[in-house]
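Asker: return atomic coordinates for the entry below.
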Amino acid sequence: MLNYLWGSMILIGILFSTFSGNLSNITNAAINSSREAVNICLTMLGILAMWTGLISIAEKSGLINSLSKKMMPLLKFLFPQLSEKSKAMQYICTNIIANMLGLSWAATPAGLKAMEELQKINPQKDIASREMCMFMIINMSSLQIVSINIIAYRAQYNSMNPSEIIGPGLFATLVSTISAIIITKIFEKCDRA
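Answerer: Numbers count the residues shown, from 1 in each chain. I've put the predicted structure just below:
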């Protein structure tokens, strides 16, 4: 359905620009937008490569393990059915740490592995477990201390102060994550009753 909607909007835009004499403007805008998209992708690719490499170094150096141990009391509250030593818990820790650093792209592989491991221990394979739901909600609300991606976008577009987004971003993601956890825990309690 969406394909038809987008296709018809593009067709209407082309027809309207043809009849109004602005077809050259549309063509130039399409070419410039494509060039800009490629430039953004290349910039993000470099940033992604750097931060994914740093996450890999952090894992190999033991920093992720150290941070995971500090996070374990909170994670045991959020995921009471998981063992501290389980692979799922390790992947969840890596995902959360990467998201806190604003590295959503670097967090994705760990998130997918976490869901894979959670599915392995899920007793009802066709229904998401509580742990899976909690992980998805935390992952989607994504507490970010530093929003690397947004800072990179702002720098790409010559922002005077690309990092001024850190404070508001931290506040917004902290509120959304805490709200998501509270609502999920309320629903869990209601489900048990």
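
Asker: okay, now the unreliable bits of this structure?
Answerer: Applying pLDDT under 70 to the chain flags residues 193.

Asker: in it, which spans are helices?
Answerer: 2-20, 23-61, 63-78, 87-100, 104-120, 130-141, 148-156, 166-192 (DSSP state H).

Asker: from residue 96, how far off is residue 181?
Answerer: 12 Å (CB to CB, to the nearest Å). No exception for glycine: its C-beta is placed from N, CA and C like everyone else's.

Asker: mind listing what's buried in stretch 80-90?
Answerer: Neighbour-count burial for stretch 80-90 flags 82, 86-90 (criterion: 16 or more other CB atoms under 10 Å).

Asker: mean neighbour count, the helices of the chain: which tops it?
Answerer: helix 87-100 (a mean of 23; mean count of other CB atoms under 10 Å).

Asker: list the contacts of it.
Answerer: Contacts to helix 87-100, defined as CB atoms under 8 Å, 6 or more residues apart in numbering, come from residues 55, 58-59, 64, 67-68, 71, 75, 79, 82-83, 104, 106-107, 110-111, 113-114, 117-118, 120-121, 131, 135, 138-139, 142-146.

Asker: C-alpha coordinates for that helix, PDB please?
Answerer: C-alpha atoms of helix 87-100 as PDB (Å, rounded to 0.1, in the frame of the first residue of the first chain):
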ATOM      1  CA  LYS A  87      25.400 -14.900  26.600                       C
ATOM      2  CA  ALA A  88      22.100 -13.000  26.300                       C
ATOM      3  CA  MET A  89      23.100 -10.800  29.300                       C
ATOM      4  CA  GLN A  90      26.600 -10.200  27.800                       C
ATOM      5  CA  TYR A  91      25.000  -9.100  24.500                       C
ATOM      6  CA  ILE A  92      22.400  -6.900  26.300                       C
ATOM      7  CA  CYS A  93      25.300  -5.200  28.300                       C
ATOM      8  CA  THR A  94      27.200  -4.500  25.100                       C
ATOM      9  CA  ASN A  95      24.100  -3.200  23.300                       C
ATOM     10  CA  ILE A  96      23.200  -0.900  26.200                       C
ATOM     11  CA  ILE A  97      26.700   0.500  26.600                       C
ATOM     12  CA  ALA A  98      27.000   1.200  22.800                       C
ATOM     13  CA  ASN A  99      23.600   2.900  22.900                       C
ATOM     14  CA  MET A 100      24.600   5.000  25.900                       C
END
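
Asker: that'll do, ta.
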